[in-house]
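> Got a sequence here, can you model it:
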Amino acid sequence: MHPALLNNSLFLRYYKQWQDDPESIVFASIADFFLTYGMIDEAFKICAIGLKKHPNLISGKLVMSKIHMKRGNWEEAEDELKSVLYLAARVAVNRIITLKDLTSAEFDELSIVANQAL
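From the prediction side, this is the model:
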């Protein structure tokens with residue numbers, strides 16, 4: 001493991017969480033940390049295992065596309081990114097459908113909360 005990661009409290013928290021629960025979605029963050037420090041093979045291994053358990057996790061697919069780009073696997077990177085676009089569109093459609101089913105009062109309340117957040 002890269003020495004700088006051993007001093008990174010956020011990485012260490014994610015890594016411990018992943019060790020405690022290998023089903024956790026933090027695999028994407030861990031793989032991204034590994035990629036940042038040039039640990040491409042380790043990043044690929046963790047990301048591939050995580051995506052088998054969470055095949056629709058957009059953050060995992062984005063990290064995998066970055067790994068493929070670092071490896072020069074342009075077609076695989078493009079496939080992952082196309083998958084991300086498809087999943088993001090599906091999420092957006094589901095949210096629109098959910099909003100459509102809201103009553104007028106619920107929609108107004110949601111609008112107020114959204115505006116306060118901005």
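> Every contact and neighbour count from this point should use C-alpha atoms.
Fine.
> Look up how far Lys45 lies from Val93.
Remark: distance between Val93 and Lys45 (C-alpha to C-alpha, to the nearest Å) = 32 Å.
> Report the distance from the lengthiest helix in the chain to the chain centre.
Among all segments of the chain classified by DSSP state H, the helix with the greatest residue count is helix 74-100. Its chain's C-alpha centre lies 12 Å from the corresponding centre of helix 74-100 when counted by C-alpha atoms, centre = their mean, to the nearest Å.
> centroid residue for the chain?
With distances taken as C-alpha atoms, centre = their mean, the residue of the chain nearest its centroid is Ser59 (1.4 Å).
> Identify the residue nearest it in space, chain neighbours excluded?
Closest residue to Ser59 in three dimensions, ignoring its sequence neighbours and counting by C-alpha to C-alpha, 6 or more residues apart in numbering: Ala28, at 6.2 Å.
> Correct me if wrong: the one you found contacts Gly60.
Yes - when contacts are counted by C-alpha atoms under 8 Å, Ala28 is listed as touching Gly60 (4.7 Å).
> list residues touching both of those two?
Residues within reach of Ala28 and of Gly60 at once, by C-alpha atoms under 8 Å, 6 or more residues apart in numbering, are Cys47, Gly50.
> All good on my end, thank you.
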